[in-house]
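K.L.:
What shape does this take:
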Amino acid sequence: MSCVNSRRVTPLLAGLAAAALLLAGCSSDPLAEQYREGSSKGFIAGDGSVTEIPLEGRGEAIEFSGVTETGETVTSADKLGEVLVVNFWYASCAPCRAEASDLQSINAQFENEGASFLGVNVRDQAPNAIAFNETYSVTYPSVLDVDTGAMQLAFSGSIPPNAVPTTLVLDAEGRVAARILGQVTSPSILETLIRDTIAETGPIIDSGTGE
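P.N.:
Here you go, the predicted structure:
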């Protein structure tokens, strides 16, 4: 039984469950249990569960840095001030392929609307990642994490690194606001999570001056 096992987003119940998961560790989360046990499975399929974290239950901002398939460096600092959707994937992962078009469609929908997308490819080198992007018309970048695992480590408090695909929604302060374990089978749910998180932001505050 997972912490939240519903394809309907129920903010109050899901949020309470998520707060316990991120702050104290959720003993009933099967993916987290497999990670803690050191499972050597090459693929752990999520159950599609949706978890929302209320503002008061979010942990520290996630700090990360990585290099994309095109050789550009991207950091968490680059993304502060807007909602960031982070999708963990790899090219031969069947549910990753199945959700790719939906993710790209949502990415295009929110471009210049307060949210951006970033992939984290956990297995492939640049040529395979680029070929995947061309096949599925994906325009947002992905950090290549196969050699260092640094991105998976940075997010390990939020997801088991082998739970692929997993999609996280980070708020404007870089904190995890929502999580979908497994394939995004209902794009409208992800859209709602993104819209809700954007709505929290209000006027953008210059992080350099605090004014």
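K.L.:
Just give the nearest non-adjacent residue to the residue nearest in space to the middle of the chain, would you?
P.N.:
For the chain, the residue nearest the mean C-alpha position is Leu168 (2.3 Å; Cα atoms, centre = their mean). Spatial nearest neighbour of Leu168, excluding adjacent residues (Cβ to Cβ, 6 or more residues apart in numbering): Val86 at 4.6 Å. C-betas here are computed from N, CA, C, even on glycine.
K.L.:
Which elements pack onto the one helix or strand the one you found maps to?
P.N.:
Here Val86, judged by DSSP states H and E, is contained in strand 83-89. Contact analysis of strand 83-89 by 3 or more Cβ pairs under 8 Å, 6 or more residues apart in numbering; DSSP states H and E lists helix 94-110, strand 115-121, strand 166-170, helix 187-201 as its packing neighbours.
K.L.:
Starting from that strand, tell me which strands it pairs with and how they run.
P.N.:
Strand pairing for strand 83-89, determined by DSSP bridges: strand 115-121 (parallel), strand 166-170 (antiparallel).
K.L.:
The ones you listed: which one's closest to Val138?
P.N.:
strand 115-121 (7.5 Å; Cβ to Cβ).
K.L.:
Just the buried residues of that closest one, please?
P.N.:
Of the residues in strand 115-121, Ala115, Ser116, Phe117, Leu118, Gly119, Val120, Asn121 count as buried by neighbour count, 16 or more other Cβ atoms under 10 Å.
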